[in-house]
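Undergrad: What follows is a predicted structure for the sequence shown.
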Amino acid sequence: MSFGLSGWRSRKGRHAFAAAHFKQSKKIIVKIEDMSLQTELDAVQKTNFFDLIHESLRVRSHFEFMLWSQGNLQQFLPHDIMIAACGDFSSGLVSVDIVSPLPDVHGSEAQNARLVPLLKGLFDYWTEHSCAPFTVSMKYGLSEKDPFGYEQLGGSFRQMKSAVVHAIKDKRGRHDCLYLVLSKSETPAPASRRMLETLVPYIDCMLRQIGQPSQINKPGEASQQPAEEGQEALSAREQEIMDWVRKGKTNFEIGMILDISAFTVKNHLQRIFKKLDVLNRTQAVAKMSAKLTANLPASVASNESL
């Protein structure tokens, strides 16, 4: 009996010691986490950081997001180009948004299409490595055998030397989002990974609220799909939707790509059908294809028909 009591007391003592040790460890962990979140900011930087967060809550357009990204954000996460890619990376249904003051980096459809495989590789790497932020050398990519491939993009992309990458995985809607900031500096700032990890939820929230930017024609440029006489021209968003319809995408898939609902896509299509004077998407695709062929040079049109 005494042995049992002694054993009970020793176990109780061990439990008490373990509880005290856990409590002390918890304090240490909280202290380390606090240090990580503060990232050794001084009083002025802390004030600027909280101002940056509050400013993000008021962003309502892509122009305002551009101003936000080029303002106080540069103090904490210096970069020259930001790329946001959202969608289903496993299927390649991904929309790309490029945010930068540089005039020659805003993605065309062809450029974005070249970007998607690179972004998918970065997302897969992020998933396979504990979903943690990481840096990429633009010279060697993830390894010397796996270059980033930015050369094919041209323009100011050639001047970029490094990138910091992080993502958010949406297990409910499979609408995952990848964010990377590119810099001319070969070595990102020491706190860049931690800062991007902290800011990505706010960046993600802003871009989800303002949606995908429409392709805007530059002054003096003709619309890609000129209207026939007496027929209303398609808007930039309607042309964008028809491009995906021509590629065989469903309303649901187009909604995922453009970050809008399938119902909104359906409403756009109804307006498109009315403008084109057609009854369904098959007739709309045929009419759009006929217009494209009619506006091509004769030599190109003959090759298209082969």
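TA: That came through fine. Numbering: from 1, shown residues only.

Undergrad: Show me where the chain has its helices.
TA: 2-38, 43-56, 62-69, 73-76, 109-128, 192-210, 236-246, 251-258, 262-276, 281-295, 298-304 (DSSP state H).

Undergrad: so where's the stretch 151-300 of the chain shaky on pLDDT?
TA: Counting by pLDDT under 70, the ranges of the stretch 151-300 of the chain that qualify are 151-154, 173-174, 212-231, 291-300.

Undergrad: swap the cut-off to 50 and go again
TA: Flagging of the stretch 151-300 of the chain using pLDDT under 50 yields the residue ranges 214-224, 296-300.

Undergrad: Equivalent analysis for the stretch 1-150 of the chain, please.
TA: 1-9, 17-18, 21-37, 39.

Undergrad: count of residues packed around the closest residue to residue 82 other than its chain neighbours?
TA: Closest residue to residue 82 in three dimensions, ignoring its sequence neighbours and counting by CB to CB, 6 or more residues apart in numbering: residue 99, at 4.4 Å. All C-beta spots, glycine's among them, are computed from the backbone N, C-alpha and C. Burial measure for residue 99: 21 neighbouring residues, criterion other CB atoms under 10 Å.

Undergrad: Just the CA trace of stretch 278-288, in CSV.
TA: These are the backbone C-alpha positions of stretch 278-288, laid out as CSV (Å, rounded to 0.1, in the frame of the first residue of the first chain):
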residue,chain,number,x,y,z
VAL,A,278,-27.0,34.7,-81.9
LEU,A,279,-28.9,32.1,-79.9
ASN,A,280,-26.1,30.1,-78.2
ARG,A,281,-22.4,29.9,-77.5
THR,A,282,-21.7,27.7,-80.5
GLN,A,283,-23.1,30.3,-82.8
ALA,A,284,-21.3,33.0,-80.9
VAL,A,285,-17.9,31.2,-81.3
ALA,A,286,-18.5,30.7,-85.0
LYS,A,287,-19.3,34.4,-85.5
MET,A,288,-16.3,35.5,-83.5
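
Undergrad: which residue packs closest to residue 102, ignoring adjacent ones?
TA: residue 156 (4.5 Å).

Undergrad: Revised request: answer the last question for residue 268.
TA: If the residues on either side of it in the chain are set aside, residue 268 comes closest to residue 241, at 5.1 Å by CB to CB, 6+ apart.

Undergrad: Show the contacting residues for the one you found.
TA: Residue 241 sits next to 254, 258, 265, 268, 269, 272 when contact means CB atoms under 8 Å, 6 or more residues apart in numbering.

Undergrad: now do residue 124
TA: With contacts defined as CB under 8 Å, 6+ apart, the neighbours of residue 124 are residue 89.

Undergrad: hang on, the earlier thing: what about the contacts of residue 241, which one has the most neighbours?
TA: Among the contacts of residue 241, residue 254 has more neighbours than the rest - 25 neighbours, counting by other CB under 10 Å.

Undergrad: I'd say that residue and residue 264 touch.
TA: No - distance between residue 254 and residue 264: 9.5 Å, which falls outside the contact criterion (CB atoms under 8 Å).

Undergrad: and the protein, what are its domains?
TA: Using automatic domain parsing, the domain ranges for the chain come out as 43-210, 236-294.

Undergrad: coming back round to it: can you list the contacts of residue 241 in JSON lines and add distance to residue 175?
TA: Conversion of the contacts of residue 241 to JSON lines gives the following (distance: CB to CB, whole Å):
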{"residue": "254", "distance to residue 175": "13"}
{"residue": "258", "distance to residue 175": "12"}
{"residue": "265", "distance to residue 175": "15"}
{"residue": "268", "distance to residue 175": "19"}
{"residue": "269", "distance to residue 175": "21"}
{"residue": "272", "distance to residue 175": "24"}
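
Undergrad: Mind picking the one among those residues that's closest to residue 200?
TA: residue 258 (21.2 Å; CB to CB).

Undergrad: Distance of residue 175 relative to residue 270?
TA: Distance of residue 175 to residue 270, given as CB to CB, to the nearest Å: 25 Å.

Undergrad: Nothing else from me, thank you.
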